[in-house]
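Peer 1: Sequence and predicted model, in that order:
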Amino acid sequence: MFHVKHRALAVAAAAVITLTGCGTVAAPSGWAGPVASANNLVVVQDKPGQIVALNPKDGTEAWRYPDTAKPASGGGINSRKITGALYASPVINGTSIYLVSYEGHVTRLDTQGGGPAIAGEVDLPKDTTVVATPRIRGDRLYVFAEDGRVYALNTNNLSTVATYRPTDGRVWGSPALQGSTLYIGTLDSSNLVALNADTGATDWKQKLAGASAASVGSDGDLLVVASFDRAVHGFDAANKGAERWRFAGDGWFVSTPLVTKTTIYAASMGGSVYAIDKSGKELWHRNWAGKEFRSALILSGDTLVAVSRDGVAYGLNLADGTERWTKATSASVDADGLLLESNLFYITTAHSLLRIDPTNGAVQTFNTQPPTSGK
């Protein structure tokens, strides 16, 4: 009965997240967060199936992909269309950028010449859908499909090296990677799975994690799973995933927990931000009635930044959670943010880019759309 309840809860939660924040599965818009390129540009999805690289200082456009105004030639920008929207954030590996769309289309872009050119692309098997951000280990790109399959692709030519299926639960959060082991949380099976990334063998599996859409947090042998069961769970990776502790909150935990050497910070859909020590005990928490947090918390110096789904940004004192500043925007934010060059960047559901100064909360909005008159 426990698992039946959790499966029903996860299905309901997934429907709420999808319908209220990011469109429907039939016409997804994607919640991929911004990432930093090798030369510190902000790379972000500016509309479904299109990415743009912006200068973090002034928001000016460095390049976009695909760009129909610049056809491919001589290693220049390639204008081939991406198949589908991006829920998985782009993955940067040197001058390579890997894009994996919801529809299972994988693209490798090479930015060595400045602008991006296609260096490889492949379609995963029919009806494969992808929400989780991939992981890279050595010369393998690990892509985590919604149906529990893991595709290990060659990072150079995107050929399939191996396919594993460690779980039949849906995977939305990006697994933690420690050494040669991937720790995978699931949305509706409540499983936490330890997968050997080299062999595909399941080292262990347990069902105490609760349904989770968040990426798995980790520090050494401690694995941290934020769950729809209104709890944050701490597990021991060295002891076959034995549960060390369970911290009860005031709502679903959807955002990925922030794990530091001493403390875990987690934000709930009940409007709370919690600081938890490594034994699972609360250090402090703050609550804002009516707020929901889906975007992961970001630490900048001794300021913890939380951005609610309705676009209110809070700068909190790390020691006790007291507010240093609060800034309201007119935006809606579901995607995780990026800390780059002492500023925070968030993409809105309307595909504008917010730059927030973590010292005082000053907000600047950059338009990510191309000029209507062309270049």
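Peer 2: Looks like it arrived, so ask away.

Peer 1: use CA for all of it now, contacts and neighbours both
Peer 2: OK.

Peer 1: Extract the residue ranges of the stretch 51-200 of the chain that are flagged as low pLDDT.
Peer 2: 68-79 (pLDDT under 70).

Peer 1: where exactly do the strands run in it?
Peer 2: 61-65, 91-93, 96-100, 105-110, 117-123, 135-137, 140-144, 150-154, 160-164, 176-178, 181-185, 192-196 (DSSP state E, counting those that start in this stretch).

Peer 1: Put the alpha carbons of the fourth one into PDB.
Peer 2: Right, the one you point to is strand 105-110. What follows is strand 105-110 as a C-alpha-only set of coordinates in PDB (Å, rounded to 0.1, in the frame of the first residue of the first chain):
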ATOM      1  CA  HIS A 105      17.500  13.700 -30.000                       C
ATOM      2  CA  VAL A 106      21.200  14.000 -29.000                       C
ATOM      3  CA  THR A 107      23.400  16.700 -30.600                       C
ATOM      4  CA  ARG A 108      27.000  17.400 -30.000                       C
ATOM      5  CA  LEU A 109      28.100  20.900 -30.900                       C
ATOM      6  CA  ASP A 110      31.700  22.000 -31.300                       C
END
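
Peer 1: neighbours around the residue nearest to Asn317 when sequence neighbours are not counted, how many?
Peer 2: Excluding the flanking residues, the one nearest Asn317 by C-alpha to C-alpha, 6 or more residues apart in numbering is Thr303, at 5.3 Å. Using other C-alpha atoms under 10 Å, Thr303 has 21 neighbouring residues.

Peer 1: Could you do the one 4 residues further on as well?
Peer 2: Burial of Val307, expressed as a neighbour count using other C-alpha under 10 Å, amounts to 30.

Peer 1: With the one 4 residues further on instead?
Peer 2: As a burial measure, Gly311 scores 22 neighbours (other C-alpha under 10 Å).

Peer 1: Distance check, it against Ile298.
Peer 2: For Gly311, the distance to Ile298 equals 15 Å [C-alpha to C-alpha, to the nearest Å].

Peer 1: swap in Tyr87?
Peer 2: In terms of C-alpha to C-alpha, Tyr87 sits 20 Å off from Ile298.

Peer 1: residues in contact with Val254?
Peer 2: 212-214, 226-228, 267-269, 293-294 (C-alpha atoms under 8 Å, 6 or more residues apart in numbering).

Peer 1: run the last query once more with 7 Å
Peer 2: The contact partners of Val254, by C-alpha atoms under 7 Å, 6 or more residues apart in numbering, come to 213-214, 226-228, 268-269, 294.

Peer 1: Over to Ala62?
Peer 2: With the criterion set at C-alpha under 7 Å, 6+ apart, Ala62 makes contact with 53-55.

Peer 1: Recalculate using a threshold of 8 Å.
Peer 2: 41, 52-55, 115.

Peer 1: Check those residues against Ala242 and report the nearest one.
Peer 2: The shortest approach to Ala242 among the contacts of Ala62 belongs to Leu41, at 40.8 Å (C-alpha to C-alpha).

Peer 1: picking that back up, out of the contacts of Ala62, who's the most crowded?
Peer 2: Ala53 (26 neighbours).
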